[in-house]
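Chemist: got a sequence here, can you model it:
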Amino acid sequence: MPNAMNGSHMFCNYLPVSDLSRSRAWYMLVLGLKPFDRNESILIMGSGQWVFLLESKDRSNANFMTDSWEGKDFEMFSLTFETENIVALHKSLVEHGVEVEPITDKGSCGLQFRFKDLDGNRFNVWQN
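Modeler: Numbering: from 1, shown residues only. Alright, predicted model coming up:
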């Protein structure tokens with residue numbers, strides 16, 4: 001049977017936030033996402049992917065704890081962003097006062113670092 005997902009890609013990502021206006025402004029200023037003119041919850045990445053920022057009633061962020069990634073009680077990130085210039089992105093985030101971890105060399109998995117948004121949503125950044 002053919003794989004129905006063959007050739008597909010992820011298009012939308014949904015993130016819980018506590019204040020849509022505040023988060024929207026942050027994602028546009030700090031990460032350079034562009035507004036979607038027909039829905040204020042949607043921001044568009046340079047690759048065309050949509051990021052929905054949705055005010056959450058019961059969850060402060062999309063992180064979860066796991067023992068299956070980097071040891072016991074690891075706070076897992078929900079998304080990994082790929083960049084062509086990890087050093088420049090890291091520097092820009094630091095300059096914007098973002099909670100940023102140092103860049104690490106993961107060998108065959110490339111350079112990586114993690115950061116958090118205003119609500120503590122944890123993200124990974126990768127450059128091969």
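Chemist: which regions of this structure lie under the pLDDT threshold?
Modeler: In the predicted model, the chain carries pLDDT under 70 at residues 1-7.
Chemist: where along it do the helices fall?
Modeler: Using DSSP state H, the helices assigned to the chain run over residues 20-31, 86-95.
Chemist: name the helices or strands packed onto the last one?
Modeler: Counting contacts by 3 or more C-beta pairs under 8 Å, 6 or more residues apart in numbering; DSSP states H and E, helix 86-95 is packed against strand 111-116, strand 122-127. Bear in mind the C-beta positions are built from the backbone N, C-alpha and C, glycine included.
Chemist: the ones you listed: which one's closest to residue 27?
Modeler: Of all the helices and strands packed on helix 86-95, it is strand 122-127 that lies closest to residue 27, at 11.0 Å by C-beta to C-beta.
Chemist: can you give me the angle that closest one makes with helix 20-31?
Modeler: Per axes from the mean of the first three to the mean of the last three C-alpha atoms, to 10 degrees, the angle that strand 122-127 makes with helix 20-31 is 20 degrees.
Chemist: pipe the helices and strands packed on helix 86-95 into JSON lines and attach distance to residue 68 per row.
Modeler: As requested, those are exported to JSON lines (distance: least, C-beta to C-beta, whole Å):
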{"stretch": "strand 111-116", "distance to residue 68": "17"}
{"stretch": "strand 122-127", "distance to residue 68": "15"}
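Chemist: format those strands as CSV; extra columns: mean neighbour count.
Modeler: What follows is the helices and strands packed on helix 86-95, written out as CSV (neighbours: other C-beta atoms under 10 Å):
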stretch, mean neighbour count
strand 111-116, 18
strand 122-127, 18
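Chemist: indicate which one of these is closest to residue 8.
Modeler: Closest of the helices and strands packed on helix 86-95 to residue 8 is strand 122-127, at 20.7 Å (criterion: C-beta to C-beta).
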